[in-house]
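Student: Quick check, what structure comes out for this input:
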Amino acid sequence: MKIRQINFLPKFHKNWDALPKEAQIKARKTIEFFRADPFHPSLRLHPLRGNLRKYWSISVDRKCRIILRIEGDIANFYSIGSHAIYEKM
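Tutor: Next up is the predicted model:
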């Protein structure tokens with residue numbers, strides 16, 4: 001699968017601004033890995049379950065996740081942050 005476009009939704013931007021600079025640097029690298037290969041092993045891409053079953057998650061590091069939705073060759077990034085973001089979706 002090749003991702004042609006990534007859309008960063010308003011909630012993602014709000015969460016991004018709240019991240020420490022170090023986490024933003026790691027997240028930029030993660031996003032570039034995702035853009036090049038959504039199945040890169042370091043991303044740990046996996047579908048979510050329950051109320052979030054239409055969403056996917058990738059790992060920035062042990063503490064930080066990105067919640068997204070893949071529609072064809074477009075990825076919509078909804079949120080970024082700690083595991084608590086799952087509860088705020």
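Student: how about the residue nearest the centre of the chain, what does it touch?
Tutor: The residue lying closest to the centre of the chain (C-alpha atoms, centre = their mean) is Ile66, at 2.4 Å. Contact analysis of Ile66 by C-beta atoms under 8 Å, 6 or more residues apart in numbering lists 12, 27, 30-31, 57-58, 60, 77, 79-80. Bear in mind the C-beta positions are built from the backbone N, C-alpha and C, glycine included.
Student: For this structure, give me the ranges with low pLDDT.
Tutor: Scanning the chain for pLDDT under 70 picks out nothing.
Student: Okay, helices next: where are they in it?
Tutor: Here the chain has its helices, by DSSP state H, at 10-18, 21-36.
Student: show me where this protein has strands.
Tutor: Counting by DSSP state E, one finds strands in the chain at the ranges 5-8, 46-47, 56-59, 65-71, 74-81.
Student: how close does the residue nearest to the centre of the chain sit to Phe34?
Tutor: 8 Å (C-beta to C-beta, to the nearest Å).
Student: quick revisit: TSV for the helices of the chain, including distance to Met1 and mean neighbour count?
Tutor: Formatted as TSV, those follow (distance: least, C-beta to C-beta, whole Å; neighbours: other C-beta atoms under 10 Å):
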stretch	distance to Met1	mean neighbour count
helix 10-18	21	14
helix 21-36	11	15
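Student: closest one to Leu52 among these?
Tutor: With C-beta to C-beta, the closest approach to Leu52 among these belongs to helix 10-18: 13.9 Å.
Student: could you give the angle of the closest one to strand 74-81?
Tutor: Angle of helix 10-18 versus strand 74-81, following axes from the mean of the first three to the mean of the last three C-alpha atoms, to 10 degrees, is 40 degrees.
Student: Contacts for helix 10-18 next, please.
Tutor: Contacts for helix 10-18 (C-beta under 8 Å, 6+ apart): 8, 24, 27, 66, 77-81, 85.
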